[in-house]
Structures are given as C-alpha cells and as structure tokens.
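**Q** what would the 3D arrangement of this be:
(one chain, ligands or ions: 1)
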Amino acid sequence: MYASFEGRVLIIGYGSVARAALLLILRHIAVSPGRVTVLTRNPIDAALQKELGVQTITATVTPENYQQILDDQLGEGDILLHLTAGISSYDLIAYCLSHGICYMDASLEEWPGVVHGEKGDYRARCDYYNRMRVRSLDSNDASRRSTAFIANGANPGLVSYFLKAGLLDIARDTGVPANPHTREEWAALAEMLQVKVVHVSERDTQRSVTSRTKGVFRNTWSPEGLYGEAVLPAEVGWGTHEKELPKDAKLHDTGTGSAIGILRPGCTVQARSWVPLTGPLLGMVISHNETLAFADYYTVRNDAGEVVYRPTCHYVYYPADDALASLREVVASNFERPRETELLIDDIVSDGGTDELGVLIAGHAKNAYWIGTSLTIEEARKVGMQVNATSLQVAAGILAGMVWIIEHPHEGIIEADDVDHVRALAIAAPYLGTIKKVYTDWTPLAHLDTSIVPRGDRDLDDPWQFKNIYVP
Ligand SMILES: NC(=O)c1ccc[n+]([C@@H]2O[C@H](COP(=O)([O-])OP(=O)(O)OC[C@H]3O[C@@H](n4cnc5c(N)ncnc54)[C@H](O)[C@@H]3O)[C@@H](O)[C@H]2O)c1
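**A** Numbers count the residues shown, from 1 in each chain. The predicted structure follows:
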C-alpha cells in the first residue's frame, strides 16, 4: 500500500478511466471499500459492485443539483475524484475548496453546451482561458485550504513527470550539472539545455475486432470527451525561439500570454512529431492542459520580468484508427456532434495494439529525446477486464495523484508539474508497460524533398521552428 485514507472518497463518473482507476485505488490505497462511492448516470453492473464492495449511486449531476449531492456525500477532509466529460470542474473545485474537500480530475471539464465568451470569440473558447479561470480559484487562506489537483491522468498528468525525468537524462548525457528543485530551477535547466520544443506525442494502435459503422464515433477513451476537445481551437505554448507566428494564430492579451490559439478546431490542425513505435508521426494539435502548463512552468524571466526563454509546447495526437476516421466524419459534417458513440474496451483485438505516449524534447545538443510509456492491450488486461492500454495509463497517473493528495491535503490548486516526479513515476511505472527512453536524429526536415515541398514553406536554418512542424 502506498497510502492509507480514513475519509470518504466520491468518484463521479464510471467510464473507461474510472473503472481502471478504481481497481488501482482499491489495490494500492488502504481505504475501506465501504467508504468509496461511485456516482454515475449509467447504472453499474450489480455483480461488479458486489465484487468491489463499493457503494454506488445512479444519478445525473447537473448545475442545479451538484451542491446538494456533494453536501450529502462529502465533508471536510474527504476526497472528490471527478471523472466525467460533462460536469464543470470549476464549479466542483470552487465547492471543494470552500468546504475543505480535496479534489482531483483528469481534465478540466465544463457543463454540456456551456461556451465562454461572446459568440464568435474564439479566443475565449481556448483552454488557456479555462485553465486561468480555474487557477484563479486558488486561495491564499492557508487555514481553509484543501488540495485541488487539476488535470492529472496520463496527458495531462504522467507527461509532466516524464518531461522532468527526460530533462535530467539529457543533462546527464550532455555533461550539464543539474539538481533542480523549484519551478525557476527547472525552467533554467530547460534553458541551459537549449530545449526549443516539447511535444506530447501519442500514437494509439488499438483496434476493435469489429468494423466501425459509418456515423458511429469510436474511441479508446471517452468519445464525447475527444469530440469536445477536438473542436476547440488548437493551442500551442509559444516558444521564444520562434521567428514567425502562423497564419490564423492569435496571441492572448490576458494572463501570462504564454500560448497562442490557432483559431481553427484542433482536429483540423496537423503537426509532425516522432514516437519510437512508428517513427515520424502526423498528428492533431488538440488543445490540452499539460502543454499550456508546460509553457508557464518552463518560462524564464529576467529581473525586469521580461520573458527570455520558453520552449514551444503542444500535443501531437494520432489516435486509434477508428477515432481518426470518426473525427474525419465530424469535420465533413461541419463539426456536428456525433449521435452515436462507442467506447473500445472489451472488443479490442489482442494483437499487440499499443498506446505509446510520451514527450519529445527537442532542439538541444543531442537533437531530440523521447521518453514515455508504451503499453499493449495484453499488458493492460493483466489488471482486469474493462481496462485498455489508454485507460490504464490514465489510471496510473490518477493513482500517483491520489497518493500525493492524501500526503498533501492542504496545498490549494496543483498541477502535475508541481509534484515530485520521481515518486509519481515510481507509483505509476508498474502499470505503464515499457518505459522507452530514446534519442533520435529525426527532425521535421528529415527527407525533405524540395521538389515536392516549396522551399519557402520551411525554415531550412532551424529545423525546430513551428513553421517546419505545422502542416497548415
Ligand atoms: N488526463 C488524461 O490522460 C485523460 C485521458 C482520458 C480521459 N481523460 C478525462 O477523464 C475523464 C473521464 O474520461 P472517460 O474516458 O472515463 O469518460 P467516459 O465517457 O468513458 O465516462 C464518463 C462517465 O461519466 C458519466 N457522466 C457523464 N456526465 C455525467 C453527469 N452529468 N452525471 C453523472 N455521471 C455523468 C458517464 O455516465 C460515464 O460513466 C474525462 O474528463 C476525460 O477527458 C483524461
């Protein structure tokens, strides 16, 4: 057991992630199952409930009833684990912080249909604003403080731990002395290593035994969640080495100004990256909390407060083939919300299908380094049925986060960059398959044929310009 907890735990949602997370929590945290309640709108199989010994409630949480539900289920010192793609994280966090309840989610979510900003104001739809809004809930009143660990799963989540481990590996291999502890010291290390780019790069090769039916949106984690984030504007933490802002991009005029929004849905914005499993990768720049958090965490300012260093940070996602095909239908239908969805779990074929997810840290003296998890469906199923490679990776990050919350219950709003990455990885690693750590000589200019691609479209002097990575 990594920790013990005597309070109550309420898990809202029982989808792909919660199923895997519950198994790991009951296995590694000494908490009485009778003190754990799962509340979800889809009824939970009675046999499963009996086997796990947890309490279950079937209910739909709404803006009208969430306070009453939380009043009934939780009190000071308890934990709320929010794992849905349809309840406002902001509202739940505000409630928890004002009632001394610890909180964690795996992504910042909103009530269905809620869109911030004026109609047509794309910048206000960016996750950049959502993250700033949630972070503004943090209180300096230490006496009333509980911990709200936001956006902690695999990505966001584990990738923050991999990034720190990767920076230390590169420092070791290039002879740069490194012993960072504070945010400023970590950012200074990234600057000293001359890291220009941090990609969260992911390739998911899991597939179903059955063929997808046209019009059915499939994915290996919440199809609703993927649709929701895929139609948001693409966002990129904007590095100080960049020479040229992409067409359609806008800087933010509030907050830290660390990111740009490309004012098109992320599922239509493509970028080049690299993963060990398949080599060069063309994926979607879907807006994600972790890359916005990296951009703030790894910013260096001079004494006058001016930004002197920041890497360019964004997600490059190549999801399961069925999810990609589903997204192409969404684009073709002018982004209409899918009517039918299918979560791929038990029907995934046992053929070595893998979720490979990590960070590509690039632009330094050894070109590029990838570090992350490569987990097959067979490895994931050793934990239990109703688990796939994707959900187990997320659950491993959640387990590490739950342990951290139990050990640090009064920290206010926390992101994965703020916690001890060594301990978090030690807790998560047994569920991550192979942890790959590889240098590559790949750059976005590799094998460039200027008879196919006009020279003006690329910056031949600096491979790690966003211009070379972005595929407009
Ligand atoms: N950080 C990561 O690496 C990562 C990866 C995958 C998913 N996620 C996030 O984890 C969360 C859960 O994802 P998932 O794949 O398990 O989702 P899912 O769609 O498989 O399951 C969601 C669950 O929430 C329930 N639910 C939805 N709205 C509800 C409401 N109003 N009231 C009660 N129950 C409700 C559904 O019935 C379902 O049980 C999402 O926020 C998702 O974005 C994070």
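
**Q** ranges for the strands of the stretch 301-450 of the chain?
**A** Using DSSP state E, counting those that start in this stretch, the strands found in the stretch 301-450 of the chain span residues 307-309, 312-318, 340-343, 354-364, 367-376, 412-414, 434-440.

**Q** and the fourth one, which strands flank it?
**A** Within its sheet, and counting by DSSP bridges, strand 354-364 is paired with strand 197-204 (antiparallel), strand 367-376 (antiparallel).

**Q** quick check, the shortest one touching the ligand?
**A** No - counting by CB under 6 Å from any ligand atom, the ligand has no neighbours in strand 197-204; the shortest distance is 9.5 Å. In short, each C-beta sits where N, CA and C put it, glycine included.

**Q** and if you look at the longest one?
**A** No - shown here: strand 367-376 not in contact with the ligand (CB under 6 Å from any ligand atom), separated by at least 10.9 Å.

**Q** just to revisit the earlier point, pipe the strands of the stretch 301-450 of the chain into CSV and attach distance to V200 per row.
**A** Below are the strands of the stretch 301-450 of the chain laid out as CSV (distance: least, CB to CB, whole Å):
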stretch, distance to V200
strand 307-309, 20
strand 312-318, 5
strand 340-343, 22
strand 354-364, 6
strand 367-376, 9
strand 412-414, 19
strand 434-440, 14
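
**Q** for this protein, give me the ranges with low pLDDT.
**A** 116-120, 139-144 (pLDDT under 70).

**Q** and the gap between V471 and the ligand?
**A** 24 Å (CB to the nearest ligand atom, to the nearest Å).

**Q** quick one on the thing from earlier: of the strands paired with strand 354-364, which stretch is the most buried?
**A** Highest mean neighbour count of the strands paired with strand 354-364: strand 197-204, a mean of 27 (counted as mean count of other CB atoms under 10 Å).

**Q** C-terminal to that strand, what's the next element?
**A** Using DSSP states H and E, the helix or strand that follows strand 197-204 in sequence is strand 216-219.

**Q** show me what contacts the residue nearest to L399 when sequence neighbours are not counted?
**A** Nearest residue to L399, sequence neighbours excluded (CB to CB, 6 or more residues apart in numbering): L24, at 4.3 Å. Residues near L24 by CB atoms under 8 Å, 6 or more residues apart in numbering: V383, A395, A396, I398, L399, Y431.

**Q** if I've got this straight, L24 is in a helix?
**A** Yes - assigned with DSSP: H, G, I helix; E, B strand; the rest coil, L24 falls within a helix.

**Q** pull the number of nearby residues for N219.
**A** Residues lying near N219 (other CB atoms under 10 Å) number 26.

**Q** list the contacts of it.
**A** Contacts of N219 by CB under 8 Å, 6+ apart are L226, P319, A320, D322, A323, S326, T341, L343, L344.

**Q** closest one to D459 out of those, please.
**A** Nearest to D459 among the contacts of N219 is P319, at 28.7 Å by CB to CB.

**Q** the closest one contacts D204, correct?
**A** Yes - using CB atoms under 8 Å, P319 is in contact with D204, at 5.2 Å.

**Q** tell me, what's touching those two both at once?
**A** Joint contacts of P319 and D204 (CB under 8 Å, 6+ apart) are T220.

**Q** among the contacts of N219, which lie within helices?
**A** L226, D322, A323, S326 (DSSP state H).

**Q** strands along the stretch 101-250 of the chain, start to end?
**A** 102-105, 147-149, 197-204, 216-219, 233-237, 249-251.

**Q** partner strands of the first one and their direction?
**A** For strand 102-105, the paired strands and their directions (DSSP bridges) are strand 79-82 (parallel), strand 147-149 (parallel).

**Q** could you do the last one as well?
**A** In the sheet containing strand 249-251, its partner strands are strand 259-265 (antiparallel), by DSSP bridges.

**Q** which strands and helices sit next to the helix or strand following the partner strand?
**A** On the C-terminal side of strand 259-265, the nearest following helix or strand under DSSP H and E is strand 270-275. Judged by 3 or more CB pairs under 8 Å, 6 or more residues apart in numbering; DSSP states H and E, the packing partners of strand 270-275 are strand 197-204, strand 279-284, strand 312-318, strand 354-364, strand 367-376, helix 466-469, strand 470-471.

**Q** for Y129, which of the ones you listed is the nearest?
**A** Among the helices and strands packed on strand 270-275, strand 312-318 sits nearest to Y129 (CB to CB), with 17.0 Å.

**Q** how many neighbours does the residue nearest to R301 when sequence neighbours are not counted have?
**A** Sequence neighbours aside, V307 is the residue nearest to R301 in space, at 5.7 Å (criterion: CB to CB, 6+ apart). Using other CB under 10 Å, V307 has 14 neighbouring residues.

**Q** from what I see, V307 and A295 are in contact.
**A** No - using CB under 8 Å, V307 is not in contact with A295, being 10.2 Å away.

**Q** of the helices and strands packed on strand 270-275, which is nearest L108?
**A** So among the helices and strands packed on strand 270-275, strand 312-318 is nearest, using CB to CB, at 14.6 Å.

**Q** hang on, the earlier thing: quick one: the strands of the stretch 101-250 of the chain as a markdown table, columns for distance to V114 too.
**A** Output for the strands of the stretch 101-250 of the chain, formatted as a markdown table (distance: least, CB to CB, whole Å):
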| stretch | distance to V114 |
| --- | --- |
| strand 102-105 | 16 |
| strand 147-149 | 20 |
| strand 197-204 | 26 |
| strand 216-219 | 21 |
| strand 233-237 | 16 |
| strand 249-251 | 22 |
